[in-house]
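Q: no sequence for this one, just the structure:
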């Protein structure tokens, strides 16, 4: 019998009616004889409610206590969903992260799964019980509750699918798949029926926000096919899987963008070895995440160094670097907040040329100035002024002919 | 250094302000150098909110799932209280029932503590950490979450105090101690400064509702002194402890009542051996809790059998017995719901006579008819018509001169 891991996100279990709908969906699949393991998130709003309580107490809550607090959200959902399935006559049972043996490292609030001892799950499945597992959580070797970061339930689902050698991991969310770009910007954005792990990683980390990046890494590592679907309709969704010939024939798969970035420029950096290292070590010590970095060869032994950071870290980065500037002899630290990063992603780039040229030409034709460029094997990213974001995305989506004939369906109210 | 276990009930931690007050109270004690272990309940209303969610799903929720659901309430409180203490500069840490090693039997929703492996608590105390422990919960040998029943946090606190050989267990609740009777009925009811475990057991199980009965049994078994206090004021509270000479000099300690009882009468029961056993075995199989039982010697081989059950079980008992009545030849099953049980409690009764006579005389003088009487070494209970409850309590409270000169203080709004 096929084994399917199904994960339902917060909006899919947002109230008792939706939990009942999820239960029906599970039952329908169970009736076909498939073995099912269910992973759920906290009911939508619950995690935010708990975070707000903590924030009223302290601006810097202890991470261990936050994990204790937030892990309750998923526990409520598993109990309610298990009860609902039982009421419908199915032998369901709830399990916490600990009970299914999800062992993580000690990094509270951003823990990584180190091991899964899925004995209780295997035992439940052998007894034809439908396990309902709390996503997002595990325990460390000290037996303390840990959480896997926002979107961590995706990783729980994929990790369990890997541990149980499941045939498929279905991620039910409030979007019905992965689109060629944001449908809110491009009305004829098309749902992809298939995408490679590598492309999905680029799409997700660039802001497609469909799957937690780590869950895709996990899926890629253990070759778990992941299907992203909506729980509100019966739609096929998007399959995230290994790269195949079909994918390579597509030049570009999708266009993503990220407006939550800021550009930091250090003007007049002395062009001597070790300077960049001093700068980026200082930044990394403060846990500021640097994304794109560009350094131009300068004149008279001076150069300009630019990089992007999350907008939320921009002030911190500026303060830090201004303090540092005297020591290393930098003339000025500039921060530009109104920027956006637009990226073109596609495994087809590996075997096709001309994507970069077409990208720059299309943007230039619309009068959009490119401030920074960064490329990888399957991605080209351009930093532009943020006011041009929508225009750039539409332009590139058209240029690479990614559109569908029909617009995507709307979400239910 | 003295070791104190403090337990704070749901109203004491009902919102963030109250949690802050509790933290201040803990800090004040910690400043004296005492070692403190804190046990907390769910924030008031939270448990009811969760129960309502479950009841919307099913009228008979699975007990294991209910425990999974309800155990989240205390986990929220421990995290929030630990954060609050940390914000005040105290090294606090939250612990679940599992983490402090509370191992129970398998009776979900009414589990009994079988063992406490308090290693982590001892370790935390040795590091001068203030442990904040989730009351009401434990795990069974199968590693499933269990709960100890309503008021179970009291039992957690007393059990931890016993395991750690604490010097005192303080139960902070919304009343400032144990009163000679209900202050809502008798305005000059007096707070007792001391009461024996035995008396407290009779007071609690008879409806004083201050401490969970099982916690008192635990305290008596392991000789843990328990102090019942309010967290809203600085008041000494009532010490529940071993019987001493001072207590024996009091004839009667308190008057309690219980309106949530119903009387079941079986008319014309064949007076032959084994009948009562058949009846009460059938009732106990349905988990109906029988309290007082009275059987009169009858005429012509027939007798009447009366007993009291919780009002919520009255319908079930009647249905059950009506079905059974033909089989055993009972003429009629009568249920009277408008009854109340009024009880006089006091260890002094052991060494004094005349309490029963005075009780009956006082009630008769007010024209109150006694329908059933039951006595034990330290208690006399009378079943009367419920409309006379307040009159009976006031009459007995006066007759045994239990009143104070001043009325008790009011609760804060």
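A: Looks like it arrived, so ask away. Here the structure is a predicted model, which is why all the values come from computation and not from measurement.
Q: and the stretch 1-150 of chain A, which of its residues are near chain B?
A: Counting by C-beta under 8 Å from any C-beta of the partner chain, the residues of the stretch 1-150 of chain A close to chain B are A:16, A:19, A:50, A:53-54, A:56-58, A:61-62, A:64-66, A:68-69, A:71-72, A:75-76, A:78-80, A:82-84, A:86-87, A:93-94, A:96, A:98-99, A:143-145. Every C-beta, even on glycine, is put in place using the N, C-alpha and C of the backbone.
Q: Of the residues you listed, select the buried ones using a PyMOL command.
A: Selection of buried members from these for PyMOL, criterion 16 or more other C-beta atoms under 10 Å in any protein chain shown:
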select buried, chain A and resi 19+50+53+54+57+61+62+64+65+66+68+69+71+72+75+76+78+79+80+82+83+84+86+87+93+94+96+98+99+144+145
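Q: Give me the subset of the residues of the stretch 1-150 of chain A next to chain B lying in helices.
A: A:16, A:19, A:50, A:53-54, A:56-57, A:64-66, A:68-69, A:71-72, A:75-76, A:78-80, A:82-84, A:86-87 (DSSP state H).
Q: My understanding was that residue A:200 contacts residue A:211; is that so?
A: Yes - Residue A:200 is in contact with residue A:211 according to C-beta atoms under 8 Å; the separation is 6.7 Å.
Q: Return the set of buried residues in the helix or strand bottoming out on mean pLDDT in chain A.
A: None of the helices or strands of chain A scores lower by mean pLDDT, DSSP states H and E than helix A:245-248, at a mean of 76. Judged by neighbour count using 16+ other C-beta under 10 Å, the buried positions of helix A:245-248 are A:247, A:248.
Q: So for the very next helix or strand once past it, what gets flagged as buried?
A: Later in the chain than helix A:245-248, the nearest helix or strand by DSSP states H and E is strand A:254-270. Across strand A:254-270, burial judged by 16+ other C-beta under 10 Å covers A:254-258, A:261-269.
Q: again with stretch A:229-238
A: Buried residues in stretch A:229-238, counted by 16+ other C-beta under 10 Å: A:229, A:230, A:231, A:232, A:237, A:238.
Q: for chain A, which spans come out with low pLDDT?
A: Applying pLDDT under 70 to chain A flags the ranges A:204-208, A:298, A:405-413.
Q: can you list the domain ranges for it.
A: A:3-242, A:255-399 (automatic domain parsing).
Q: Of those, flag the one that's most buried.
A: domain A:3-242 (a mean of 21; mean count of other C-beta atoms under 10 Å in any protein chain shown).
Q: returning to that earlier point: for residue B:250, find the nearest of the domains of chain A.
A: Taking C-beta to C-beta, domain A:3-242 is the member of the domains of chain A nearest to residue B:250, at 45.7 Å.
Q: Stretch A:269-280: end-to-end distance?
A: 13 Å (C-alpha to C-alpha, to the nearest Å).
Q: Residue A:46 and residue B:97: what is the separation?
A: Going from residue A:46 to residue B:97 by C-beta to C-beta, to the nearest Å gives 22 Å.
Q: cool, residue A:385 as well?
A: Distance of residue A:385 to residue B:97, computed by C-beta to C-beta: 56 Å.
Q: residue ranges of the strands in the stretch 101-250 of chain A, please?
A: A:102-104, A:113-116, A:130-134, A:137-139, A:145-147, A:168-173, A:194-196, A:226-230, A:238-241 (DSSP state E, counting those that start in this stretch).
Q: what helices or strands is the last one leaning on?
A: Using 3 or more C-beta pairs under 8 Å, 6 or more residues apart in numbering or on different chains; DSSP states H and E as the contact criterion, the elements in contact with strand A:238-241 are strand A:194-196, helix A:197-203, strand A:226-230.
Q: so who does the closest residue to residue A:220 other than its chain neighbours touch?
A: Sequence neighbours aside, residue A:197 is the residue nearest to residue A:220 in space, at 3.7 Å (criterion: C-beta to C-beta, 6 or more residues apart in numbering or on different chains). Taking C-beta atoms under 8 Å, 6 or more residues apart in numbering or on different chains as the contact definition, residue A:197 lies against A:216, A:219, A:220, A:240, A:241, A:242, A:243.
Q: try 10 Å
A: For residue A:197, the contacting residues are A:216-221, A:223-226, A:240-243, A:347, by C-beta atoms under 10 Å, 6 or more residues apart in numbering or on different chains.
Q: Pull up the gap between it and residue A:343, please.
A: According to C-beta to C-beta, residue A:197 and residue A:343 sit 17 Å apart.
Q: And residue A:201, by the same measure?
A: Distance, residue A:201 to residue A:343, by C-beta to C-beta: 12 Å.
Q: Overlap in contacts, these two.
A: In contact with both residue A:201 and residue A:343: residue A:379, using C-beta under 10 Å, 6+ apart.
Q: So residue A:294: helix, strand or coil?
A: strand (DSSP: H, G, I helix; E, B strand; the rest coil).
Q: Report the contact partners of it.
A: A:263, A:265, A:304, A:305, A:306, A:307, A:308, A:371, A:372, A:373, A:374, A:383.
Q: Can you give me the neighbour number for residue A:400?
A: Here the number of neighbours of residue A:400 (other C-beta atoms under 10 Å in any protein chain shown) works out to 23.
Q: what's near enough to touch the nearest residue to it once chain neighbours are set aside?
A: Closest residue to residue A:400 apart from its sequence neighbours, by C-beta to C-beta, 6+ apart: residue A:252 at 4.3 Å. The contact partners of residue A:252, taken as C-beta under 10 Å, 6+ apart, are A:180, A:199, A:344-349, A:352, A:355, A:358-359, A:378-380, A:396-397, A:399-402.
Q: Nearest residue to residue A:157 in space, please, no chain neighbours.
A: Counting by C-beta to C-beta, 6+ apart, the residue nearest residue A:157 is residue A:7, at 3.5 Å.
Q: Return the angle between stretch directions for whichever strand or helix holds that neighbour and strand A:130-134.
A: Taking DSSP H and E as the definition, one finds residue A:7 inside strand A:3-8. Put simply, strand A:3-8 runs at 40 degrees to strand A:130-134, going by axes from the mean of the first three to the mean of the last three C-alpha atoms, to 10 degrees.
Q: which residues touch the helix or strand harbouring residue A:375?
A: Counting by DSSP H and E, the element that carries residue A:375 is strand A:372-376. Residues from elsewhere that reach strand A:372-376 (C-beta under 10 Å, 6+ apart): A:198, A:202, A:263, A:265, A:291-294, A:306-308, A:339, A:341, A:343-345, A:349, A:355-356, A:359-360, A:380-384.
Q: Those residues in helices, which ones?
A: Filtering the contacts of strand A:372-376 for helices - DSSP H - leaves A:198, A:202, A:355, A:356, A:359, A:360.
Q: which residues do residue A:200 and residue A:211 both contact?
A: In contact with both residue A:200 and residue A:211: A:178, A:219, A:226, A:228, A:238, A:240, using C-beta under 10 Å, 6+ apart.
Q: Including distance to residue B:107, could the residues you listed go into TSV?
A: Conversion of the shared contacts of residue A:200 and residue A:211 to TSV gives the following (distance: C-beta to C-beta, whole Å):
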residue	distance to residue B:107
A:178	48
A:219	42
A:226	41
A:228	43
A:238	47
A:240	45
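Q: Which of the ones in helices among the contacts of strand A:372-376 sits closest to residue A:331?
A: Nearest to residue A:331 among the ones in helices among the contacts of strand A:372-376 is residue A:360, at 30.1 Å by C-beta to C-beta.
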